[in-house]
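S.K.: coordinates only, no sequence provided:
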């Protein structure tokens, strides 16, 4: 029986493409960003690569890494 929690191995000769893993984005204080839920904002703080504090105008939110819904403009 197979173990469903075991990660799949992708062989270089496989006709199926391996899933693409994007490198985590790095943000700096002052960067303009866009978020899928909150909209446009500016990074006002970084917490050691774990989270970014972003000012979206009407609210300030702490966005946790890996920043899946946030991208740099």
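M.R.: Everything's here; your move. What you see is a predicted model; the values in this text were computed from it and never measured. Numbers count the residues shown, from 1 in each chain.
S.K.: who does the lowest-mean-pLDDT helix or strand in the chain touch, helix- and strand-wise?
M.R.: Lowest on mean pLDDT, DSSP states H and E among the helices and strands of the chain sits strand 70-72, with a mean of 90. Packed against strand 70-72 by the contact rule (3 or more C-beta pairs under 8 Å, 6 or more residues apart in numbering; DSSP states H and E) you find strand 32-35. Glycine gets a C-beta too; all of them are placed from N, C-alpha and C.
S.K.: going by neighbour count, list what's buried in the strand it packs on.
M.R.: The neighbour-count check on strand 32-35 (16 or more other C-beta atoms under 10 Å) flags 33, 35 as buried.
S.K.: mind giving me the packing neighbours of it?
M.R.: strand 39-47, strand 70-72.
S.K.: want to throw the ones you listed into TSV with distance to residue 26?
M.R.: As requested, those are exported to TSV (distance: least, C-beta to C-beta, whole Å):
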stretch	distance to residue 26
strand 39-47	9
strand 70-72	9
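S.K.: residue 56 touches residue 41, doesn't it?
M.R.: Yes - between residue 56 and residue 41 there is a contact under C-beta atoms under 8 Å: 4.0 Å.
S.K.: need the helices and strands packed on strand 32-35 in JSON lines with mean neighbour count and distance to residue 30, can you?
M.R.: Below are the helices and strands packed on strand 32-35 laid out as JSON lines (neighbours: other C-beta atoms under 10 Å; distance: least, C-beta to C-beta, whole Å):
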{"stretch": "strand 39-47", "mean neighbour count": "15", "distance to residue 30": "6"}
{"stretch": "strand 70-72", "mean neighbour count": "16", "distance to residue 30": "11"}
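S.K.: out of those strands, which is closest to residue 10?
M.R.: Residue 10 lies closest to strand 70-72 among these, at 26.5 Å (C-beta to C-beta).
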